[in-house]
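Asker: Following is a predicted model, sequence given first.
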Amino acid sequence: MRVKLQKTENYYLADQQKHMPKVDEELYFHIDEKNNQVELTDRGINLITKSGEDPEFFILPDIGVKLADIEKSSLSLKKNYIRKKHC
C-alpha cells in the first residue's frame, strides 16, 4: 500500500502543471503548512454556503487592503468637503 501511495504521489508531483488541477478540483480546502494557513476552495465554499447566504461570509478579508480602502475613501471625503467649503 505504501509503494502505491508513493508511486501515485510521485506521478502527480512530477509534473504539477499537468496533473495537479485534476486533483485540486476535488478538494474542499487546502492547507499551507509552511505559512500555517487553511483556505477554502470554491467547492468548499459552495458546500458550506446555503442558498441565499453570502458566499463571502466564510472568507476573512485582507485587513491591509480594507484599511487602505478606508483611508482612500476618508481622504476623498475630506477633499470633497474642502472643495465645497472653498466654493
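Answerer: The structure has been received and is ready for your questions. Residues are numbered from 1 along each chain as shown.

Asker: residue contacts, the spatially most central residue of the chain?
Answerer: What sits nearest the mean C-alpha location of the chain, by Cα atoms, centre = their mean, is residue 39, with 6.1 Å. Residues in contact with residue 39, defined by Cβ atoms under 8 Å, 6 or more residues apart in numbering, are 29-30, 32. For glycine as for every other residue, the C-beta is placed from the backbone atoms N, C-alpha and C.

Asker: from those residues, which single one is nearest residue 6?
Answerer: Ranked by distance to residue 6 (Cβ to Cβ), these are led by residue 30 at 21.0 Å.

Asker: Contacts only, for that closest one.
Answerer: 24, 38-39, 41.

Asker: is it fair to say it lies in a strand?
Answerer: Yes - counting by DSSP: H, G, I helix; E, B strand; the rest coil, residue 30 is found in a strand.

Asker: what are the ranges of the helices in the protein?
Answerer: 2-14, 16-24, 42-48, 63-86 (DSSP state H).
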